[in-house]
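could you look at this predicted model? Sequence included:
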Amino acid sequence: MTSAFTGQATGRRGAMFVVAALCGLFTACAQPPKPLYQWNGYQSNLYEYFKASGANAGEQINKLEAQLVKNKAANEASPPGLHGHLALLYAKVGNDNAARAHLEAERALFPESAAYVDLLLKKRSAATQPGAAASATAPPPAATVTAPAAGAR
């Protein structure tokens with residue numbers, strides 16, 4: 001069938017052409033979705049850390065702290081695990097305060113990690129207090145029962 005005005009074919013083919021043209025127009029203007037987390041170099045840094053058997057903890061701390069600063073400046077979310085890994089690195093170099101702060105940041109940012117972070121914090125505090133760790137694992141002292149003296153009522 002042809003159109004009386006244009007002399008061109010109408011029907012399904014014409015409708016499909018219009019739909020395809022509109023789809024092309026709208027998708028060309030669409031922005032790709034912004035990623036939920038800004039990974040930057042986190043995965044490659046993590047790979048390098050484990051490849052070197054954790055020998056470069058100080059270098060890793062510097063790289064990951066720089067990534068946190070960059071993410072904050074760009075108003076982008078840091079990925080899950082980044083604060084947890086920083087806590088591991090700080091604990092390895094002996095900075096317990098920074099390790100605790102990053103574990104608490106991980107728990108605050110990702111509530112689904114709270115149970116694991118609480119376990120790590122509990123183990124960490126038990127390890128830093130030797131008396132508390134020994135008393136926590138030792139059984140309670142047995143109660144001593146004394147028999148009344150003979151002839152006493």
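Now that the structure is in, tell me what you want to look at.

for this structure, what are the low-confidence residue spans?
Scanning the chain with the threshold set as pLDDT under 70 gives 1-10, 24-30, 130-153.

center of it, which residue is that?
residue 80 (1.6 Å; CA atoms, centre = their mean).

what's it sitting at in phi/psi?
Backbone torsions for residue 80, taken as degrees, to the nearest 10, come to phi -60, psi 140.

separation between it and residue 15?
Spatial separation of residue 80 from residue 15 under the definition CB to CB, to the nearest Å is 47 Å. Using the backbone N, CA and C atoms, a C-beta is placed for each residue, glycine as well.

what residues sit buried inside stretch 39-56?
For stretch 39-56, burial by neighbour count (16 or more other CB atoms under 10 Å) applies to 39, 40, 42, 45, 49, 56.

enumerate every residue touching the fifth one.
When contacts are counted by CB atoms under 8 Å, 6 or more residues apart in numbering, residue 49 is found next to 56, 57, 60, 85, 89.

in terms of distance to residue 35, which of those residues ranks first?
Residue 35 has its nearest neighbour among these in residue 85, at 19.0 Å by CB to CB.

any chance of the buried residues of stretch 39-56 in TSV, plus secondary structure and distance to residue 99?
Formatted as TSV, the entries for the buried residues of stretch 39-56 read as follows, by DSSP: H, G, I helix; E, B strand; the rest coil; distance: CB to CB, whole Å:
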residue	secondary structure	distance to residue 99
39	coil	22
40	coil	22
42	helix	18
45	helix	18
49	helix	16
56	coil	17
